[in-house]
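Asker: Just need the structure, nothing else, for what follows:
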Amino acid sequence: MRDEFGGLAAFLAVAEKRSFKAAAVELGVTRAAVSQTIRQVEERLGVRLLQRTTRSVGLTEAGEHLYRGLQPAFSDMRATLESLNELRSRPSGTLRLSISSIAEDFLSEKTLAEFLAEYPDIKLDISVDDNPSGIFQQGFDAGVQLGEIIDKDMVAVSISGEQRQLVVGSPGYFAVHGKPQHPRELHAHACIGWRMPNGATYRWEFTEKGRDFEIAIDARVNTNEKHLMLRLACDGVGLTIGMEDSFRPYIQRGELLPVLEEFCPPFAGFYLYYPSRAQTPLKLKALVEFLRKRARSRARRK
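Answerer: Sure, this is the predicted structure:
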């Protein structure tokens, strides 16, 4: 109560209660502390504000003038502070997310639309990016990536079931070139490869008898655009590799056929991840709880 704001607040409390004791109870301090604070305010202003008797406390003319001037302003401040309390209890603000382009379900389903409908005071700022490095230095609140590439010191919340990669080609391509029976046979096939964010060409990953290995393909086409990879594969240009979720609609329509499935086991899926903080923003807590509730609902339907 040493600062000027605290002194004026103490004066208002006494003026409204007409009692040092009642004001002290409201402010959560001792009666002596209130009395001392009022004396300091009067000394700073150079006028007497209160008339003190053994039975009552009244306002001087200067006190009435100060009270009438301060009371509306303090009422507005109290209302503003109460509105902040409401904001603390209601998630709001802009939530910045960096999402992998291959998080197909998260991007294509109604997840984000339903989240926005449930939390109308939250806005989303989304960057679809396959380079997870430095996103928090860039001001993002959270990211969505495959679990295997998330740093161990991050908080990670599962948002999908297990995933797997598939090699696919069109029926027309296989009619002409046949199907590979082992990943080593990919060297004899036209392939459509993925160029990673760091500029390197992705080495196709497989597993055989519990052992992981990679194939450095000699791609006929390299691109960093997965939809172009899909279109070229559907047009019979060659084989390509990617997430099963991305290929599923094309496989169901018969436009693409999977091969080498025995060498493509499932692995940990996608996670929402963010740094461990003492104070996690309420808007991010809301998304985490929303995704967990959605996951529980899906599990009950299975």
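
Asker: Mind listing what's buried along stretch 135-144?
Answerer: By neighbour count on 16 or more other Cβ atoms under 10 Å, the buried set for stretch 135-144 is I135, F136, F140, D141, A142, G143, V144. C-beta here means a position set from N, CA and C on the backbone, and glycine is covered the same way.

Asker: From E148, how far out is the first one?
Answerer: Relative to E148, I135 is positioned 17 Å away (Cβ to Cβ, to the nearest Å).

Asker: quick one on the thing from earlier: filter the buried residues of stretch 135-144 down to just the ones in strands.
Answerer: Using DSSP state E to define strands, the subset of the buried residues of stretch 135-144 located there is A142, G143, V144.

Asker: ok, now which ones touch the spatially closest residue to the second one that is not a sequence neighbour?
Answerer: Spatial nearest neighbour of G143, excluding adjacent residues (Cβ to Cβ, 6 or more residues apart in numbering): S98 at 4.4 Å. The contact partners of S98, by Cβ atoms under 8 Å, 6 or more residues apart in numbering, come to I126, S127, D129, P132, I135, Q138, F140, A142, G143, V144.

Asker: before we move on, which element is S98 in?
Answerer: strand 93-99 (DSSP states H and E).

Asker: ranges for the strands of the chain?
Answerer: Going by DSSP E, the chain shows strands at 50-52, 57-59, 93-99, 122-128, 142-146, 154-158, 165-169, 191-194, 204-208, 211-215, 221-223, 239-243, 257-259, 270-275.

Asker: could you dump these to JSON lines with mean pLDDT?
Answerer: Written out in JSON lines, the entries for the strands of the chain read as follows (pLDDT from 0 to 100):
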{"stretch": "strand 50-52", "mean pLDDT": "83"}
{"stretch": "strand 57-59", "mean pLDDT": "85"}
{"stretch": "strand 93-99", "mean pLDDT": "91"}
{"stretch": "strand 122-128", "mean pLDDT": "91"}
{"stretch": "strand 142-146", "mean pLDDT": "91"}
{"stretch": "strand 154-158", "mean pLDDT": "89"}
{"stretch": "strand 165-169", "mean pLDDT": "96"}
{"stretch": "strand 191-194", "mean pLDDT": "95"}
{"stretch": "strand 204-208", "mean pLDDT": "95"}
{"stretch": "strand 211-215", "mean pLDDT": "94"}
{"stretch": "strand 221-223", "mean pLDDT": "94"}
{"stretch": "strand 239-243", "mean pLDDT": "94"}
{"stretch": "strand 257-259", "mean pLDDT": "97"}
{"stretch": "strand 270-275", "mean pLDDT": "90"}
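
Asker: okay, the ones you listed in CSV with distance to A9 next?
Answerer: Compiled in CSV, the strands of the chain are given as follows (distance: least, Cβ to Cβ, whole Å):
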stretch, distance to A9
strand 50-52, 15
strand 57-59, 16
strand 93-99, 29
strand 122-128, 34
strand 142-146, 39
strand 154-158, 40
strand 165-169, 64
strand 191-194, 63
strand 204-208, 65
strand 211-215, 67
strand 221-223, 65
strand 239-243, 60
strand 257-259, 71
strand 270-275, 38
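
Asker: To A15, which of those lies closest?
Answerer: strand 57-59 (6.0 Å; Cβ to Cβ).

Asker: Give me the helices and strands touching the closest one, please.
Answerer: The elements that strand 57-59 packs onto, with contact taken as 3 or more Cβ pairs under 8 Å, 6 or more residues apart in numbering; DSSP states H and E, are strand 50-52.

Asker: re earlier: closest one of the buried residues of stretch 135-144 to F174?
Answerer: For these, the residue nearest F174 by Cβ to Cβ is V144; the value is 33.8 Å.

Asker: picking that back up, name every strand pairing with the strand holding S98 and say which way it goes.
Answerer: When sheet partners are counted by DSSP bridges, strand 93-99 sits next to strand 122-128 (parallel), strand 142-146 (parallel).

Asker: Next, the buried residues of the longest one.
Answerer: Along strand 122-128, the positions that meet the burial threshold by neighbour count (16+ other Cβ under 10 Å) are I122.

Asker: likewise stretch 168-186?
Answerer: Judged by neighbour count using 16+ other Cβ under 10 Å, the buried positions of stretch 168-186 are V168, G169, S170, Y173, F174, P180, P183, L186.

Asker: Quick check: the farthest pair among those residues?
Answerer: Using Cβ to Cβ, the pair of the buried residues of stretch 168-186 lying farthest apart is S170 and P183, separated by 19.1 Å.
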